[in-house]
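Trainee: please work out how this folds:
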Amino acid sequence: MLTDLQAAIEADTSLSEEDKAEALEQVKKIAEAGQKPEDGSMQKIAKNALTFLKGLVVDLPSTAEIVKTCGNLIPIIKQFFGLP
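Mentor: Numbers count the residues shown, from 1 in each chain. Okay, the predicted model is just below:
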């Protein structure tokens, strides 16, 4: 899933290079947190990263591939971490 998310970020043309770099950093944080998903501090890191990603795509056109990818994957990732 995270590989798909990473690929969507890298391929998106509506994000600036700075936004892409920050989004990829957040994906990296989610991956690291996934090593210990039951750990409360790791859940918080994942939640913050997911919040950032959601905020990043909120103003993009709904037809943007990154918006679709985030819409599909974020709920699954949240469920993995047991987040509401």
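Trainee: where does this protein dip in pLDDT?
Mentor: Filtered on pLDDT under 70, the chain yields no residues whatsoever.
Trainee: what are the ranges of the helices in it?
Mentor: Counting by DSSP state H, the chain has helices at residues 2-11, 17-33, 40-57, 65-81.
Trainee: mind putting the ones you listed in JSON lines, mean neighbour count included?
Mentor: All C-beta spots, glycine's among them, are computed from the backbone N, C-alpha and C. Formatted as JSON lines, the helices of the chain follow (neighbours: other C-beta atoms under 10 Å):
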{"stretch": "helix 2-11", "mean neighbour count": "15"}
{"stretch": "helix 17-33", "mean neighbour count": "16"}
{"stretch": "helix 40-57", "mean neighbour count": "17"}
{"stretch": "helix 65-81", "mean neighbour count": "16"}
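Trainee: isn't residue 64 up against residue 9?
Mentor: No. Taking contacts as C-beta atoms under 8 Å, residue 64 lies outside contact range of residue 9: 11.1 Å.
Trainee: quick one: the residue nearest to residue 70 when sequence neighbours are not counted from residue 42, how far?
Mentor: Take residue 70 and drop its neighbours on the chain: the residue closest to it by C-beta to C-beta, 6 or more residues apart in numbering is residue 57, 5.0 Å away. When distance is defined by C-beta to C-beta, to the nearest Å, residue 57 is 23 Å away from residue 42.
Trainee: also residue 16?
Mentor: From residue 16 to residue 42 the distance is 29 Å (C-beta to C-beta).
Trainee: before we move on, what about residue 27?
Mentor: Between residue 27 and residue 42 the distance, using C-beta to C-beta, works out to 15 Å.
Trainee: ok, residue 54 next?
Mentor: Relative to residue 42, residue 54 is positioned 19 Å away (C-beta to C-beta).
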